[in-house]
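# Fold the following and give me the result.
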Amino acid sequence: MSHDHDHHHHHDHDHSELSETELRVRALETILTEKGYVEPAALDAIIQAYETRIGPHNGARVVAKAWTDPAFKKALLEDGSKAIGTLGHVSRVGDHLVVVENTPQRHNMVVCTLCSCYPWEMLGLPPVWYKAAPYRSRAVKDPRGVLADFDVSLPKDMEIRVWDSTAETRFLVLPMRPAGTEGWSEEQLAELVTRDSMIGTGFPKEPGAPS
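Presented below is the predicted three-dimensional model:
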């Protein structure tokens, strides 16, 4: 765990980021509770998880490297577990981690039939709603509607592909690199990668967005 204390985690950045996250969580609370995704009692756990920064640091670093290193990206899409295994600073993932790439034509999102198949080594703790039956069943039947609940609106002609992870095969979404990040370091890019963007229920942060 010691690598969480790397120099590029700026504490002032974390604190200012938190307040924006909290606002987003509060807004999501209402939607998710009304739609029956989440028991109100479970929301305390969600907020606590955000506040303690159960962060998707490993996944963010993998995504940032894929954005900057074409050879690694190719290897990652061919065999996610094997490619991630070549990175010394990232803990070992399961044998079958499949990385699916978002493109201007296709958006990927991940659902899970069983709770055990979340790639926690990459993404931290699963959000409570991810394990909720209504999220799973609606994501398969109406992925565009579920994404709209998360303020993710996609062009009408964009394909949405839903991947159902299992105990054998888990998925990590490789989001599109935000424009305006040319020349950024991997560390800077990793700061833009959100957990939800690696599940497919969100996008990376835009450069220059309030942190």
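# For the rest of this, base every contact and every neighbour count on C-alpha atoms.
Fine.
# and the closest residue to residue 191 other than its chain neighbours, how many neighbours?
The shortest distance from residue 191 to any non-neighbouring residue, by CA to CA, 6 or more residues apart in numbering, is to residue 60 (7.3 Å). Other residues near residue 60 come to 26 when the count uses other CA atoms under 10 Å.
# And the helices in this protein?
11-34, 40-51, 57-68, 70-78, 80-85, 120-123, 133-141, 143-149, 186-190, 195-199 (DSSP state H).
# was I right about residue 83 contacting residue 74?
No: assessed by CA atoms under 8 Å, residue 83 is found out of contact with residue 74, at 9.1 Å.
# Between the two, which is the more surrounded one?
residue 83 (17 against 13).
# any idea how far residue 130 is from residue 75?
28 Å (CA to CA, to the nearest Å).
# So for these two, which residue has more residues nearby?
Taking neighbours as other CA under 10 Å, residue 75 and residue 130 compare with residue 130 leading, 19 against 16.
# how much space is there between that one and residue 164?
From residue 130 across to residue 164, the span is 12 Å (CA to CA).
# any shared contact partners between the two?
The contact sets of residue 130 and residue 164 overlap at 111-112 (CA atoms under 8 Å, 6 or more residues apart in numbering).
# worst-scoring helix or strand of this protein, pLDDT-wise?
None of the helices or strands of the chain scores lower by mean pLDDT, DSSP states H and E than helix 40-51, at a mean of 56.
# Surely residue 73 touches residue 79?
No: with contacts counted by CA under 8 Å, residue 73 stays clear of residue 79, the gap being 9.9 Å.
# Please say which of those two ends up with more neighbours.
Ranked by neighbour count (other CA under 10 Å), residue 73 and residue 79 place residue 73 first, with 22 against 17.
# any idea of the pLDDT on that one?
What the model reports as pLDDT for residue 73 is 96.
# Contact partners for it?
65-67.
# rerun that using 6 Å as the cut-off
For residue 73, the contact set (CA atoms under 6 Å, 6 or more residues apart in numbering) comprises residue 66.
# repeat for residue 37
129, 132, 134-135.
# and which of those is nearest residue 111?
Of all the contacts of residue 37, residue 135 has the smallest distance to residue 111: 8.0 Å, by CA to CA.
# Share the number of residues neighbouring that closest one, please.
Residue 135: 21 neighbours (other CA under 10 Å).
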